[in-house]
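[1] I'll drop the sequence and a predicted model, then ask my questions.
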Amino acid sequence: MNRFRTAVALALTLTLVSASFAQDSPPSVDAMVDRAVVFLETSRDEQGAFSPHLSPAITGLVATGLLKHGRSVNDPLVADAVKYVAGFAKPDGGIYSDGSKHGNYETCIAVQCLKAAATAPGAKEDYAELLDKAEKYLKGIQWDDEEGHGLESTSYGGAGYGSHSRPDLSNTSFLLDTLHALGRDGDDPAVQKALIFVSRTQNLESEYNTTEFAAKVNDGGFYYTPAAGGTSQAGQDDSGGLRSYGSMTYAGLKSMIYAGVDADDPRVKAAMSWLRKHYTLVENPGMGTSGLYYYYHTFAKALDATGQDTFTDADGAEHDWRAELVAKLAEDQQPTGAWVNTNERWLEADPNLSTAYVLLALSYCK
C-alpha cells in the first residue's frame, strides 16, 4: 500500500512539474532538475543506488549532480546514495566495487561525490580519512616510474581504467577533476605528471609533444590516448594520425586549465581554435551521437573553466553557450524526466547515467 501511495504521489508530482515546465519559455534549469528528481525517485533500488549492476560510479555521479543543484545532503535521495558509495571503500584506499577493473574511474567519481557531500550545507560527515586514503590510492596507480614508465614513455603521467594495459585521456581527466575538487593545483606533482600525459594526447607538435602522432593531424584537438600504440575513438586518418574529437578536446582543455596552463599558452590556443571550428550541440564532433551526454558534461565544465560567458565560433558567431545548452537539454528531456541516448555506446542508453551527466552539465549553466 505504501509503495502504491508513493507511486501515485510521484506521478502527481511529475504531472504538476510537467505542467509548470510547459509554461516556461525558455525552460529554467530548476524546472528541468525538478523533473529529473521525480524520475530518480522511481529509478533507485532499495539501497538508494542507481544502476548498481553497471557500476557504483553511476550512483556517485547522480548524487554529485543532485548536490551541485542544492539538494540537501540529508535528503534520503542523496543521503542513501552517498552512503552506498562510501560503502565501497577498500583497505588499499580505493573506493570501487569488488573485483572491479575500473579502480581509477570508480574511485575518482566516489571522491568527488564524498567531497561534495562533506562540503554541502548541513553535512554531518567530513569523510576526511576516506578522502585522504583515496587520494593516496589514485596517485599510487598513476602511470609513472613505479609502473615502469619513465618520462619518455607515452603512458607517463596518465590514468587508466585498470582493465586495459594503458592510460587514457578520459580517465586522466577524471583524475584531474578529482584532484581539483580536493584543492590540488598545478604545483601538485601528480597534477604536473598528468599534464605531461594530457599534452601528449593533443594533435599539436610542440616542445610538450614529440610523439609519433603529434605532426600527423596537427589540428589542435585531442584524442583518446597515445599510449600502447595510440587510439582514437574517432579512428585514424590516411596518414595513420589519430583523429581529434569533441568530448576529448573539451576534456583536454579543461584538464590543462585545472593544471594551471593559462589562456596564452599555445596548447590552449590550439584547443580553442579546434573547438571554434567544431562548435555544436547537435552531436559529439567526430563521434556523432556516441558519448553525447558525456560530451555535454565536458562541454559545460570546460567552458565554465575558461571563465567565458560567451563563445565565438570560427565564423564569428557569438554563442551564449549556457542558454543554448539548457535549450538543447530541455528539448531532449523525456516525459519521465530522464535523459537517455538512443546510441547504446558507453552505457548512455542507461537513463540514470545520462541523467547524471545532464545534472552535472546543468550545474554549470545556472
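    Cool, the structure landed.
[2] what stretches of the protein score poorly on pLDDT?
    Counting by pLDDT under 70, the chain shows low-confidence ranges at 1-26, 163-164.
[3] What segments of it are helices?
    Taking DSSP state H, the helices of the chain run over residues 2-23, 29-43, 56-68, 76-86, 103-118, 128-141, 169-181, 189-200, 214-217, 246-258, 266-277, 292-306, 321-332, 351-362.
[4] and the fourth one, what other elements does it pack with?
    Packed against helix 76-86 by the contact rule (3 or more CB pairs under 8 Å, 6 or more residues apart in numbering; DSSP states H and E) you find helix 29-43, helix 56-68, helix 103-118. No exception for glycine: its C-beta is placed from N, CA and C like everyone else's.
[5] For the shortest one, name the packing helices and strands.
    Put plainly, it is helix 56-68. Looks like helix 56-68 contacts helix 29-43, helix 76-86, helix 103-118, helix 351-362 (3+ CB pairs under 8 Å, 6+ apart).
[6] Nearest to residue 329 among the helices and strands packed on helix 76-86 would be which one?
    Ranking the helices and strands packed on helix 76-86 by distance to residue 329, with CB to CB as the measure, places helix 29-43 first at 6.7 Å.
[7] So what's the gap between that closest one and the chain middle?
    Relative to the centre of its chain, helix 29-43 is centred 20 Å away, using CA atoms, centre = their mean, to the nearest Å.
[8] My guess is residue 32 contacts residue 330. True?
    Yes - at 5.9 Å, residue 32 counts as touching residue 330 under the criterion of CB atoms under 8 Å.
[9] just checking, residue 318 touches residue 310?
    Yes - the pair residue 318 / residue 310 is scored as a contact, 5.1 Å apart, by CB under 8 Å.
[10] Residue 263 and residue 317, how far apart?
    21 Å (CB to CB, to the nearest Å).
[11] Same check on residue 219?
    For residue 219, the distance to residue 317 (CB to CB) stands at 20 Å.
[12] cool, and residue 271?
    In this structure, residue 271 and residue 317 are separated by 19 Å, where distance is defined by CB to CB.
[13] neighbour count winner among those two?
    residue 271 (28 against 10; other CB atoms under 10 Å).
[14] So that one sits against residue 221, correct?
    Yes - Residue 271 is in contact with residue 221 according to CB under 8 Å; the separation is 7.1 Å.
[15] Mutual contacts of the two, please.
    The overlap between the contact sets of residue 271 and residue 221 (CB atoms under 8 Å, 6 or more residues apart in numbering) consists of 202, 249, 252.
[16] I'd like those laid out as JSON lines, including neighbour count and distance to residue 123.
    Below are the shared contacts of residue 271 and residue 221 laid out as JSON lines (neighbours: other CB atoms under 10 Å; distance: CB to CB, whole Å):
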{"residue": "202", "neighbour count": "32", "distance to residue 123": "38"}
{"residue": "249", "neighbour count": "31", "distance to residue 123": "35"}
{"residue": "252", "neighbour count": "32", "distance to residue 123": "33"}
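[17] Could I get these in JSON lines, plus columns for distance to residue 161?
    As requested, the shared contacts of residue 271 and residue 221 are exported to JSON lines (distance: CB to CB, whole Å):
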{"residue": "202", "distance to residue 161": "21"}
{"residue": "249", "distance to residue 161": "21"}
{"residue": "252", "distance to residue 161": "18"}
